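Peer 1: just coords:
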(Lines give C-alpha, C1' and ligand atoms only; values in the text may rest on other atoms or scores of the structure.)
Protein backbone atom coordinates (compact mmCIF):
# COMPACT_ATOMS: atom_id res chain seq x y z
CA UNK A 1 0.00 0.00 0.00
CA UNK A 2 1.35 3.43 -0.92
CA UNK A 3 2.28 5.56 2.08
CA UNK A 4 0.62 8.94 2.50
CA UNK A 5 2.64 12.07 1.80
CA UNK A 6 3.25 14.50 4.64
CA UNK A 7 2.26 18.09 3.96
CA UNK A 8 4.82 20.88 3.94
CA UNK A 9 5.98 21.97 7.40
CA UNK A 10 3.99 24.88 8.82
CA UNK A 11 3.18 26.39 12.23
CA UNK A 12 1.12 23.95 14.29
CA UNK A 13 -1.66 26.53 14.73
CA UNK A 14 -2.00 27.23 10.98
CA UNK A 15 -4.97 25.24 9.63
CA UNK A 16 -5.14 23.43 6.33
CA UNK A 17 -8.16 24.57 4.32
CA UNK A 18 -9.60 21.74 2.23
CA UNK A 19 -11.96 22.56 -0.66
CA UNK A 20 -13.80 20.33 -3.11
CA UNK A 21 -13.38 22.50 -6.20
CA UNK A 22 -10.37 24.13 -7.84
CA UNK A 23 -12.60 27.17 -8.45
CA UNK A 24 -13.04 27.52 -4.69
CA UNK A 25 -9.29 27.27 -4.14
CA UNK A 26 -8.56 30.04 -6.66
CA UNK A 27 -11.05 32.40 -5.06
CA UNK A 28 -9.77 31.80 -1.53
CA UNK A 29 -6.22 32.47 -2.70
CA UNK A 30 -7.41 35.63 -4.48
CA UNK A 31 -9.00 36.61 -1.16
CA UNK A 32 -5.64 36.51 0.62
CA UNK A 33 -5.10 32.94 1.87
CA UNK A 34 -1.60 31.60 1.03
CA UNK A 35 -1.68 28.98 -1.79
CA UNK A 36 0.07 26.31 0.27
CA UNK A 37 -2.66 26.56 2.90
CA UNK A 38 -5.55 25.70 0.53
CA UNK A 39 -5.77 22.20 -0.99
CA UNK A 40 -8.30 20.67 -3.39
CA UNK A 41 -9.71 17.18 -2.85
CA UNK A 42 -12.43 16.83 -5.49
CA UNK A 43 -16.21 16.60 -4.95
CA UNK A 44 -18.16 14.13 -2.84
CA UNK A 45 -17.19 11.08 -0.86
CA UNK A 46 -14.60 9.84 -3.35
CA UNK A 47 -12.79 13.18 -3.47
CA UNK A 48 -12.46 13.39 0.30
CA UNK A 49 -11.37 9.78 0.63
CA UNK A 50 -8.80 10.06 -2.15
CA UNK A 51 -7.23 13.11 -0.51
CA UNK A 52 -7.19 11.47 2.92
CA UNK A 53 -5.52 8.39 1.46
CA UNK A 54 -2.80 10.48 -0.18
CA UNK A 55 -1.95 13.10 2.45
CA UNK A 56 -1.15 13.14 6.14
CA UNK A 57 -1.88 16.47 7.88
CA UNK A 58 0.08 15.42 10.97
CA UNK A 59 -0.80 17.62 13.94
CA UNK A 60 -2.13 20.50 11.87
CA UNK A 61 -5.87 21.22 12.09
CA UNK A 62 -7.87 20.55 8.92
CA UNK A 63 -10.93 22.65 8.08
CA UNK A 64 -13.27 21.77 5.23
CA UNK A 65 -14.40 25.04 3.63
CA UNK A 66 -16.21 26.28 0.53
CA UNK A 67 -19.65 26.86 -0.94
CA UNK A 68 -22.87 25.31 0.35
CA UNK A 69 -26.54 25.47 -0.53
CA UNK A 70 -28.85 27.21 1.88
CA UNK A 71 -31.55 25.21 3.67
CA UNK A 72 -32.46 27.75 6.35
CA UNK A 73 -34.68 30.39 4.70
CA UNK A 74 -33.18 33.06 6.98
CA UNK A 75 -29.67 32.60 5.57
CA UNK A 76 -28.80 35.00 2.73
CA UNK A 77 -26.21 34.42 0.05
CA UNK A 78 -22.75 35.07 1.47
CA UNK A 79 -23.72 33.99 4.98
CA UNK A 80 -20.81 32.19 6.65
CA UNK A 81 -21.68 29.14 8.78
CA UNK A 82 -19.42 27.33 11.25
CA UNK A 83 -20.50 23.71 11.50
CA UNK A 84 -21.69 22.80 14.99
CA UNK A 85 -22.73 19.34 13.79
CA UNK A 86 -22.53 17.38 10.56
CA UNK A 87 -25.47 15.15 9.63
CA UNK A 88 -26.11 12.77 6.73
CA UNK A 89 -29.53 11.81 5.29
CA UNK A 90 -29.57 8.68 7.48
CA UNK A 91 -29.45 10.78 10.65
CA UNK A 92 -25.86 10.10 11.70
CA UNK A 93 -24.22 13.04 13.48
CA UNK A 94 -20.58 14.07 13.90
CA UNK A 95 -19.46 16.96 16.13
CA UNK A 96 -16.37 18.84 14.88
CA UNK A 97 -13.73 19.16 17.63
CA UNK A 98 -12.85 22.67 16.43
CA UNK A 99 -16.33 24.14 16.69
CA UNK A 100 -15.67 25.79 20.05
CA UNK A 101 -12.18 27.08 19.26
CA UNK A 102 -12.71 28.69 15.85
CA UNK A 103 -12.70 32.45 16.40
CA UNK A 104 -14.97 33.33 13.49
CA UNK A 105 -17.87 35.74 13.88
CA UNK A 106 -20.52 33.55 12.29
CA UNK A 107 -23.48 31.47 13.43
CA UNK A 108 -22.95 27.87 14.50
CA UNK A 109 -25.35 25.55 12.69
CA UNK A 110 -25.91 21.99 11.53
CA UNK A 111 -24.50 21.09 8.10
CA UNK A 112 -26.24 18.40 6.06
CA UNK A 113 -24.57 16.28 3.39
CA UNK A 114 -26.29 15.01 0.24
CA UNK A 115 -25.13 12.57 -2.41
CA UNK A 116 -25.62 15.09 -5.22
CA UNK A 117 -26.49 18.73 -5.79
CA UNK A 118 -29.76 19.84 -4.24
CA UNK A 119 -31.06 22.09 -6.97
CA UNK A 120 -34.67 23.07 -6.25
CA UNK A 121 -36.37 24.90 -3.36
CA UNK A 122 -38.67 21.89 -2.88
CA UNK A 123 -35.74 19.50 -2.53
CA UNK A 124 -34.03 21.85 -0.10
CA UNK A 125 -37.16 22.06 2.02
CA UNK A 126 -37.46 18.27 2.09
CA UNK A 127 -33.82 17.88 3.15
CA UNK A 128 -34.22 20.48 5.88
CA UNK A 129 -37.23 18.60 7.25
CA UNK A 130 -35.27 15.34 7.18
CA UNK A 131 -32.00 16.57 8.71
CA UNK A 132 -32.84 19.95 10.34
CA UNK A 133 -29.66 21.18 8.63
CA UNK A 134 -29.11 24.87 7.86
CA UNK A 135 -26.89 24.39 4.80
CA UNK A 136 -26.06 21.42 2.56
CA UNK A 137 -22.91 20.22 0.80
CA UNK A 138 -21.64 16.96 -0.70
CA UNK A 139 -18.56 16.35 1.48
CA UNK A 140 -18.97 17.16 5.17
CA UNK A 141 -20.26 13.84 6.51
CA UNK A 142 -17.64 11.88 4.55
CA UNK A 143 -14.91 14.25 5.72
CA UNK A 144 -16.15 13.94 9.30
CA UNK A 145 -16.08 10.15 9.16
CA UNK A 146 -12.50 10.04 7.93
CA UNK A 147 -11.21 12.87 10.12
CA UNK A 148 -12.74 11.38 13.26
CA UNK A 149 -11.44 7.92 12.46
CA UNK A 150 -7.89 9.21 11.94
CA UNK A 151 -7.82 11.46 14.98
CA UNK A 152 -7.54 14.78 13.17
CA UNK A 153 -8.40 18.09 14.75
CA UNK A 154 -11.05 19.16 12.28
CA UNK A 155 -13.85 21.58 11.56
CA UNK A 156 -16.21 22.70 8.78
CA UNK A 157 -16.88 26.27 7.66
CA UNK A 158 -19.18 26.99 4.74
CA UNK A 159 -20.52 30.05 2.92
CA UNK A 160 -23.98 30.09 1.33
CA UNK A 161 -23.73 30.21 -2.46
CA UNK A 162 -27.44 29.70 -3.23
CA UNK A 163 -30.28 30.35 -0.82
CA UNK A 164 -33.09 28.03 0.22
CA UNK A 165 -35.47 29.86 -2.10
CA UNK A 166 -33.25 29.60 -5.20
CA UNK A 167 -33.00 27.00 -7.93
CA UNK A 168 -29.66 26.16 -9.54
CA UNK A 169 -29.10 24.29 -12.83
CA UNK A 170 -28.63 20.55 -12.39
CA UNK A 171 -26.01 20.72 -15.16
CA UNK A 172 -23.56 22.27 -12.66
CA UNK A 173 -22.81 18.78 -11.36
CA UNK A 174 -21.49 17.74 -14.78
CA UNK A 175 -19.23 20.76 -15.07
CA UNK A 176 -16.66 19.43 -12.57
CA UNK A 177 -14.47 16.34 -12.87
CA UNK A 178 -13.53 13.99 -10.02
CA UNK A 179 -10.46 16.09 -9.13
CA UNK A 180 -12.48 19.29 -8.74
CA UNK A 181 -11.42 20.92 -12.02
CA UNK A 182 -13.89 22.58 -14.37
CA UNK A 183 -14.81 20.65 -17.52
CA UNK A 184 -14.80 23.56 -19.93
CA UNK A 185 -15.77 21.42 -22.92
CA UNK A 186 -18.81 20.21 -20.99
CA UNK A 187 -19.72 23.83 -20.18
CA UNK A 188 -19.31 24.84 -23.82
CA UNK A 189 -21.43 21.91 -24.99
CA UNK A 190 -24.23 22.75 -22.56
CA UNK A 191 -24.19 26.40 -23.64
CA UNK A 192 -24.39 25.32 -27.28
CA UNK A 193 -27.48 23.27 -26.47
CA UNK A 194 -28.96 25.88 -24.12
CA UNK A 195 -27.73 29.40 -24.96
CA UNK A 196 -30.20 30.87 -22.46
CA UNK A 197 -28.12 29.32 -19.67
CA UNK A 198 -25.24 31.76 -20.25
CA UNK A 199 -26.72 34.56 -18.17
CA UNK A 200 -27.51 32.20 -15.29
CA UNK A 201 -23.97 30.81 -15.25
CA UNK A 202 -22.45 34.30 -15.31
CA UNK A 203 -24.59 35.31 -12.35
CA UNK A 204 -23.76 32.16 -10.40
CA UNK A 205 -20.06 32.65 -11.12
CA UNK A 206 -20.06 36.25 -9.93
CA UNK A 207 -22.07 35.49 -6.79
CA UNK A 208 -19.90 32.49 -5.94
CA UNK A 209 -16.69 34.50 -6.33
CA UNK A 210 -18.02 37.22 -4.07
CA UNK A 211 -19.14 34.70 -1.42
CA UNK A 212 -15.81 32.86 -1.44
CA UNK A 213 -13.74 36.03 -1.17
CA UNK A 214 -15.91 37.11 1.73
CA UNK A 215 -15.19 33.74 3.33
CA UNK A 216 -11.46 34.20 2.68
CA UNK A 217 -11.49 37.53 4.53
CA UNK A 218 -12.74 35.71 7.64
CA UNK A 219 -10.34 32.77 7.33
CA UNK A 220 -7.10 34.54 6.50
CA UNK A 221 -6.14 35.31 10.10
CA UNK A 222 -7.59 32.20 11.76
CA UNK A 223 -5.26 30.36 14.11
CA UNK A 224 -6.03 27.30 16.20
CA UNK A 225 -4.46 27.30 19.63
CA UNK A 226 -2.26 24.29 20.37
CA UNK A 227 -3.21 22.24 23.41
CA UNK A 228 -1.15 19.71 25.33
CA UNK A 229 -3.89 17.10 25.03
CA UNK A 230 -4.83 15.62 21.64
CA UNK A 231 -8.03 16.96 20.11
CA UNK A 232 -11.08 15.28 21.54
CA UNK A 233 -13.10 13.25 19.09
CA UNK A 234 -16.78 13.42 19.82
CA UNK A 235 -18.74 10.18 19.75
CA UNK A 236 -20.95 9.64 16.77
CA UNK A 237 -24.68 9.39 17.25
CA UNK A 238 -28.01 9.39 15.48
CA UNK A 239 -30.89 11.79 15.58
CA UNK A 240 -33.26 9.05 14.52
CA UNK A 241 -33.34 5.44 13.49
CA UNK A 242 -32.44 5.59 9.83
CA UNK A 243 -33.13 3.06 7.10
CA UNK A 244 -30.76 0.28 6.15
CA UNK A 245 -28.45 1.04 3.24
CA UNK A 246 -27.97 -2.15 1.26
CA UNK A 247 -25.37 -2.75 -1.43
CA UNK A 248 -26.57 -5.45 -3.82
CA UNK A 249 -23.98 -7.41 -5.79
CA UNK A 250 -25.29 -9.91 -8.31
CA UNK A 251 -23.37 -12.24 -10.56
CA UNK A 252 -22.72 -15.78 -11.66
CA UNK A 253 -19.73 -16.20 -9.28
CA UNK A 254 -18.46 -19.18 -11.25
CA UNK A 255 -16.18 -19.35 -9.30
CA UNK A 256 -16.10 -16.40 -6.85
CA UNK A 257 -12.57 -14.97 -6.81
CA UNK A 258 -10.81 -12.73 -4.30
CA UNK A 259 -11.65 -9.57 -6.24
CA UNK A 260 -15.38 -10.33 -6.12
CA UNK A 261 -15.33 -10.19 -2.33
CA UNK A 262 -12.62 -7.66 -1.42
CA UNK A 263 -13.85 -5.01 -3.84
CA UNK A 264 -17.48 -5.53 -2.79
CA UNK A 265 -16.60 -5.00 0.88
CA UNK A 266 -14.51 -1.94 0.02
CA UNK A 267 -17.33 -0.48 -2.06
CA UNK A 268 -19.82 -1.05 0.77
CA UNK A 269 -17.47 0.67 3.22
CA UNK A 270 -17.01 3.68 0.95
CA UNK A 271 -20.75 3.97 0.39
CA UNK A 272 -21.40 3.76 4.13
CA UNK A 273 -23.68 0.75 3.73
CA UNK A 274 -25.13 -1.24 6.60
CA UNK A 275 -25.60 -4.41 4.53
CA UNK A 276 -23.86 -6.18 1.66
CA UNK A 277 -25.99 -8.76 -0.15
CA UNK A 278 -24.44 -11.12 -2.70
CA UNK A 279 -26.97 -12.55 -5.16
CA UNK A 280 -25.74 -15.47 -7.26
CA UNK A 281 -27.71 -15.91 -10.48
CA UNK A 282 -29.33 -19.19 -11.48
CA UNK A 283 -29.42 -18.65 -15.22
CA UNK A 284 -28.04 -15.54 -16.84
CA UNK A 285 -30.39 -14.17 -19.56
CA UNK A 286 -27.44 -13.92 -21.95
CA UNK A 287 -26.27 -17.52 -21.48
CA UNK A 288 -29.35 -19.73 -21.17
CA UNK A 289 -27.87 -22.28 -23.59
CA UNK A 290 -24.64 -22.68 -21.56
CA UNK A 291 -25.68 -22.99 -17.91
CA UNK A 292 -23.09 -22.30 -15.24
CA UNK A 293 -21.89 -24.64 -12.50
CA UNK A 294 -24.58 -26.09 -10.22
CA UNK A 295 -26.03 -23.17 -8.22
CA UNK A 296 -25.70 -24.99 -4.89
CA UNK A 297 -21.96 -25.32 -5.42
CA UNK A 298 -21.65 -21.67 -6.42
CA UNK A 299 -23.53 -20.65 -3.26
CA UNK A 300 -21.22 -22.85 -1.18
CA UNK A 301 -18.11 -21.36 -2.82
CA UNK A 302 -19.41 -17.84 -2.31
CA UNK A 303 -20.09 -18.53 1.37
CA UNK A 304 -16.55 -19.86 1.75
CA UNK A 305 -15.14 -16.78 0.01
CA UNK A 306 -16.97 -14.41 2.36
CA UNK A 307 -15.97 -16.38 5.47
CA UNK A 308 -12.33 -16.44 4.38
CA UNK A 309 -12.39 -12.69 3.76
CA UNK A 310 -13.87 -11.96 7.18
CA UNK A 311 -11.23 -14.13 8.86
CA UNK A 312 -8.50 -11.98 7.30
CA UNK A 313 -10.34 -8.64 7.53
CA UNK A 314 -12.98 -8.68 10.28
CA UNK A 315 -15.70 -6.07 9.80
CA UNK A 316 -18.14 -5.69 12.67
CA UNK A 317 -20.01 -2.74 11.11
CA UNK A 318 -21.25 -4.43 7.95
CA UNK A 319 -23.72 -7.29 7.65
CA UNK A 320 -22.78 -9.56 4.73
CA UNK A 321 -25.16 -12.21 3.45
CA UNK A 322 -26.04 -14.35 0.44
CA UNK A 323 -29.54 -14.14 -1.02
CA UNK A 324 -31.08 -17.16 -2.78
CA UNK A 325 -33.71 -15.06 -4.55
CA UNK A 326 -32.31 -15.89 -7.97
CA UNK A 327 -30.96 -19.42 -7.50
CA UNK A 328 -34.38 -20.51 -6.20
CA UNK A 329 -36.21 -18.83 -9.09
CA UNK A 330 -37.03 -20.76 -12.24
CA UNK A 331 -35.88 -19.34 -15.55
CA UNK A 332 -33.64 -16.36 -16.33
CA UNK A 333 -32.73 -13.87 -13.61
CA UNK A 334 -33.63 -10.23 -14.23
CA UNK A 335 -32.22 -7.70 -11.80
CA UNK A 336 -35.33 -5.51 -11.69
CA UNK A 337 -37.38 -8.46 -10.39
CA UNK A 338 -34.72 -9.31 -7.83
CA UNK A 339 -34.42 -5.77 -6.52
CA UNK A 340 -38.17 -5.34 -6.16
CA UNK A 341 -38.49 -8.64 -4.30
CA UNK A 342 -35.49 -7.86 -2.09
CA UNK A 343 -36.91 -4.50 -1.11
CA UNK A 344 -40.22 -6.08 -0.12
CA UNK A 345 -38.40 -8.63 2.04
CA UNK A 346 -36.28 -5.98 3.73
CA UNK A 347 -39.30 -3.82 4.49
CA UNK A 348 -41.03 -6.84 5.98
CA UNK A 349 -37.99 -7.51 8.18
CA UNK A 350 -38.09 -4.02 9.68
CA UNK A 351 -41.67 -4.42 10.82
CA UNK A 352 -42.32 -0.82 9.84
CA UNK A 353 -45.06 0.65 7.67
CA UNK A 354 -43.88 0.27 4.08
CA UNK A 355 -45.51 3.59 3.24
CA UNK A 356 -43.17 5.42 5.64
CA UNK A 357 -40.17 6.33 3.48
CA UNK A 358 -38.04 7.02 6.57
CA UNK A 359 -37.74 3.27 7.12
CA UNK A 360 -37.68 2.10 3.53
CA UNK A 361 -34.31 0.41 2.83
CA UNK A 362 -32.03 2.30 0.48
CA UNK A 363 -30.60 0.04 -2.21
CA UNK A 364 -27.45 0.47 -4.33
CA UNK A 365 -26.49 -1.90 -7.13
CA UNK A 366 -22.80 -2.76 -7.51
CA UNK A 367 -21.73 -3.45 -11.10
CA UNK A 368 -18.56 -3.49 -13.15
CA UNK A 369 -17.75 -0.77 -15.66
CA UNK A 370 -18.25 -3.22 -18.54
CA UNK A 371 -21.83 -3.69 -17.36
CA UNK A 372 -22.29 0.07 -16.91
CA UNK A 373 -21.49 0.71 -20.56
CA UNK A 374 -24.24 -1.76 -21.58
CA UNK A 375 -26.70 -0.86 -18.85
CA UNK A 376 -29.29 0.48 -21.29
CA UNK A 377 -29.69 -3.12 -22.55
CA UNK A 378 -30.89 -4.34 -19.16
CA UNK A 379 -34.56 -5.01 -18.67
CA UNK A 380 -36.31 -1.92 -17.21
CA UNK A 381 -32.96 -0.22 -16.67
CA UNK A 382 -34.44 3.17 -15.84
CA UNK A 383 -36.59 1.57 -13.13
CA UNK A 384 -33.44 -0.07 -11.73
CA UNK A 385 -31.73 3.32 -11.50
CA UNK A 386 -34.71 4.76 -9.64
CA UNK A 387 -34.85 1.83 -7.22
CA UNK A 388 -31.12 1.13 -6.73
CA UNK A 389 -28.71 3.71 -8.17
CA UNK A 390 -25.64 1.90 -9.51
CA UNK A 391 -22.20 1.97 -7.95
CA UNK A 392 -19.61 1.25 -10.63
CA UNK A 393 -16.28 -0.56 -10.21
CA UNK A 394 -13.75 0.29 -12.96
CA UNK A 395 -12.43 -2.80 -14.71
CA UNK A 396 -9.13 -2.72 -16.61
CA UNK A 397 -8.28 -1.07 -18.88
CA UNK A 398 -11.01 1.42 -17.95
CA UNK A 399 -10.34 4.00 -15.23
CA UNK A 400 -12.59 6.50 -13.52
CA UNK A 401 -11.27 9.23 -15.83
CA UNK A 402 -11.73 7.32 -19.10
CA UNK A 403 -15.18 6.17 -18.03
CA UNK A 404 -16.36 9.76 -17.54
CA UNK A 405 -15.70 10.39 -21.24
CA UNK A 406 -17.32 7.09 -22.26
CA UNK A 407 -20.48 7.90 -20.32
CA UNK A 408 -20.87 11.14 -22.28
CA UNK A 409 -20.73 9.14 -25.52
CA UNK A 410 -23.16 6.48 -24.31
CA UNK A 411 -25.87 8.10 -22.20
CA UNK A 412 -28.03 11.22 -22.53
CA UNK A 413 -26.43 14.33 -21.08
CA UNK A 414 -28.70 14.35 -18.04
CA UNK A 415 -27.56 10.81 -17.15
CA UNK A 416 -23.87 10.92 -18.12
CA UNK A 417 -22.98 13.16 -15.19
CA UNK A 418 -24.80 10.89 -12.77
CA UNK A 419 -22.88 7.86 -14.04
CA UNK A 420 -19.63 9.72 -13.40
CA UNK A 421 -20.62 10.39 -9.78
CA UNK A 422 -21.66 6.75 -9.36
CA UNK A 423 -18.21 5.49 -10.38
CA UNK A 424 -16.02 4.55 -7.43
CA UNK A 425 -12.30 5.20 -7.20
CA UNK A 426 -11.46 1.58 -6.36
CA UNK A 427 -8.25 -0.36 -7.04
CA UNK A 428 -8.34 -1.96 -10.47
CA UNK A 429 -8.68 -5.74 -10.45
CA UNK A 430 -7.98 -7.55 -13.70
CA UNK A 431 -8.87 -11.07 -12.52
CA UNK A 432 -11.90 -12.83 -14.03
CA UNK A 433 -13.76 -16.04 -13.37
CA UNK A 434 -13.26 -17.19 -16.97
CA UNK A 435 -9.48 -16.92 -16.56
CA UNK A 436 -9.68 -19.04 -13.41
CA UNK A 437 -11.73 -21.69 -15.21
CA UNK A 438 -9.27 -21.70 -18.10
CA UNK A 439 -6.32 -22.03 -15.72
CA UNK A 440 -7.97 -25.03 -14.04
CA UNK A 441 -8.62 -26.68 -17.40
CA UNK A 442 -4.95 -26.23 -18.27
CA UNK A 443 -3.74 -27.55 -14.93
CA UNK A 444 -2.32 -24.23 -13.72
CA UNK A 445 -2.47 -23.09 -10.08
CA UNK A 446 -5.26 -20.75 -9.01
CA UNK A 447 -4.28 -20.42 -5.33
CA UNK A 448 -3.55 -16.69 -5.64
CA UNK A 449 -6.90 -16.00 -7.31
CA UNK A 450 -9.35 -17.73 -4.98
CA UNK A 451 -9.58 -18.12 -1.22
CA UNK A 452 -8.64 -21.42 0.48
CA UNK A 453 -12.26 -22.39 1.12
CA UNK A 454 -13.22 -21.85 -2.52
CA UNK A 455 -10.22 -23.87 -3.67
CA UNK A 456 -11.24 -26.77 -1.42
CA UNK A 457 -14.72 -26.90 -2.97
CA UNK A 458 -13.28 -26.76 -6.49
CA UNK A 459 -10.86 -29.61 -5.75
CA UNK A 460 -13.42 -31.69 -3.87
CA UNK A 461 -15.95 -31.50 -6.70
CA UNK A 462 -13.40 -31.62 -9.53
CA UNK A 463 -14.77 -28.40 -11.01
CA UNK A 464 -13.42 -26.85 -14.22
CA UNK A 465 -10.70 -29.48 -14.69
CA UNK A 466 -12.40 -32.10 -16.88
CA UNK A 467 -12.46 -30.11 -20.08
CA UNK A 468 -16.12 -29.09 -19.73
CA UNK A 469 -15.30 -25.46 -19.04
CA UNK A 470 -18.11 -22.91 -19.34
CA UNK A 471 -17.46 -20.32 -22.06
CA UNK A 472 -15.51 -17.16 -21.34
CA UNK A 473 -17.35 -14.36 -19.65
CA UNK A 474 -18.56 -11.90 -22.29
CA UNK A 475 -16.77 -8.55 -22.04
CA UNK A 476 -20.05 -6.70 -21.58
CA UNK A 477 -23.64 -7.76 -21.55
CA UNK A 478 -26.95 -7.25 -19.78
CA UNK A 479 -27.12 -8.56 -16.23
CA UNK A 480 -23.69 -10.20 -16.37
CA UNK A 481 -21.11 -10.13 -13.56
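Peer 2: The structure has been received and is ready for your questions. Fair warning: this is a prediction, and the values are worked out from it, not measured in the lab. Numbers count the residues shown, from 1 in each chain.

Peer 1: Let me see the ranges of the strands in the stretch 201-350 of the chain.
Peer 2: Assigned by DSSP state E, counting those that start in this stretch, the stretch 201-350 of the chain shows strands spanning 237-238, 245-251, 275-280, 319-322.

Peer 1: tell me the domain ranges of the protein?
Peer 2: 5-238, 245-461 (automatic domain parsing).

Peer 1: now those domains as CSV including mean pLDDT and mean neighbour count?
Peer 2: Using the backbone N, CA and C atoms, a C-beta is placed for each residue, glycine as well. Listed next are the domains of the chain as CSV, based on pLDDT from 0 to 100; neighbours: other Cβ atoms under 10 Å:
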stretch, mean pLDDT, mean neighbour count
domain 5-238, 87, 19
domain 245-461, 85, 18
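
Peer 1: which SS class is residue 464?
Peer 2: coil (DSSP: H, G, I helix; E, B strand; the rest coil).

Peer 1: what are the phi and psi angles of it?
Peer 2: phi 70, psi 0 (degrees, to the nearest 10).

Peer 1: Could you pull up the contacting residues of the residue lying closest to it once chain neighbours are set aside?
Peer 2: Nearest non-adjacent residue to residue 464, counting by Cβ to Cβ, 6 or more residues apart in numbering: residue 440, 3.7 Å away. Neighbouring residues of residue 440 by Cβ atoms under 8 Å, 6 or more residues apart in numbering: 446, 458, 463, 464, 465, 469.

Peer 1: Take these and write them to TSV, including distance to residue 47.
Peer 2: TSV is the format used below for the contacts of residue 440 (distance: Cβ to Cβ, whole Å):
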residue	distance to residue 47
446	37
458	40
463	42
464	41
465	46
469	42
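
Peer 1: just curious, which of the residues you listed is nearest to residue 209?
Peer 2: Nearest to residue 209 out of these is residue 446 (Cβ to Cβ; 57.2 Å).

Peer 1: Is that closest one in a helix, a strand, or coil?
Peer 2: Assignment for residue 446 (three-state DSSP): coil.

Peer 1: if I pick the residue nearest the centre of the chain, what's in contact with it?
Peer 2: Centroid check for the chain by Cα atoms, centre = their mean gives residue 271 as the closest residue, at 4.6 Å. Residue 271 is in contact with 45, 245, 247, 364, 391, 424, counting by Cβ under 8 Å, 6+ apart.

Peer 1: For the first one, give its distance to residue 312.
Peer 2: In other words, residue 45. 25 Å (Cβ to Cβ, to the nearest Å).

Peer 1: One more: the fifth one?
Peer 2: Relative to residue 312, residue 391 is positioned 23 Å away (criterion: Cβ to Cβ).

Peer 1: Hmm, residue 90 is touching residue 145, no?
Peer 2: No - applying Cβ atoms under 8 Å as the test, residue 90 and residue 145 come out as separate, 11.9 Å apart.

Peer 1: who touches both of the two?
Peer 2: With Cβ under 8 Å, 6+ apart as the test, residue 90 and residue 145 both reach residue 272.

Peer 1: So the nearest residue to residue 121 once chain neighbours are set aside, which state does it fall into?
Peer 2: Sequence neighbours aside, residue 165 is the residue nearest to residue 121 in space, at 5.5 Å (criterion: Cβ to Cβ, 6+ apart). Look at residue 165: counting by three-state DSSP, its state is coil.

Peer 1: How about residue 32?
Peer 2: Under three-state DSSP, residue 32 comes out as coil.

Peer 1: Show the contacting residues for the residue nearest to it when sequence neighbours are not counted.
Peer 2: Spatial nearest neighbour of residue 32, chain neighbours left out: residue 220 (4.5 Å); criterion: Cβ to Cβ, 6+ apart. Taking Cβ under 8 Å, 6+ apart, we find residue 220 in contact with 31, 32, 33.

Peer 1: looking at it, the first one is touching residue 212, isn't it?
Peer 2: Yes - counting by Cβ under 8 Å, residue 31 touches residue 212, with 6.7 Å between them.

Peer 1: mind putting the strands of the stretch 201-350 of the chain in CSV, distance to residue 73 included?
Peer 2: Listed next are the strands of the stretch 201-350 of the chain as CSV, based on distance: least, Cβ to Cβ, whole Å:
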stretch, distance to residue 73
strand 237-238, 26
strand 245-251, 30
strand 275-280, 36
strand 319-322, 39
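
Peer 1: Indicate which one of those is closest to residue 379.
Peer 2: Of the strands of the stretch 201-350 of the chain, nearest to residue 379 by Cβ to Cβ is strand 245-251, at 13.1 Å.

Peer 1: partners of the closest one, with directions?
Peer 2: Here strand 245-251 is paired, per DSSP bridges, with strand 275-280 (parallel), strand 362-368 (parallel).

Peer 1: which other residues reach the last one?
Peer 2: So that's strand 362-368. 90, 243-250, 264, 267, 271, 273, 335, 339, 342-343, 375, 384, 387-393, 395, 481.

Peer 1: what's the closest non-adjacent residue to residue 303?
Peer 2: residue 322 (6.0 Å).

Peer 1: Tell me which residues touch the one you found, please.
Peer 2: 277, 278, 279, 280, 299, 302, 303, 306.

Peer 1: Lovely, talk soon.
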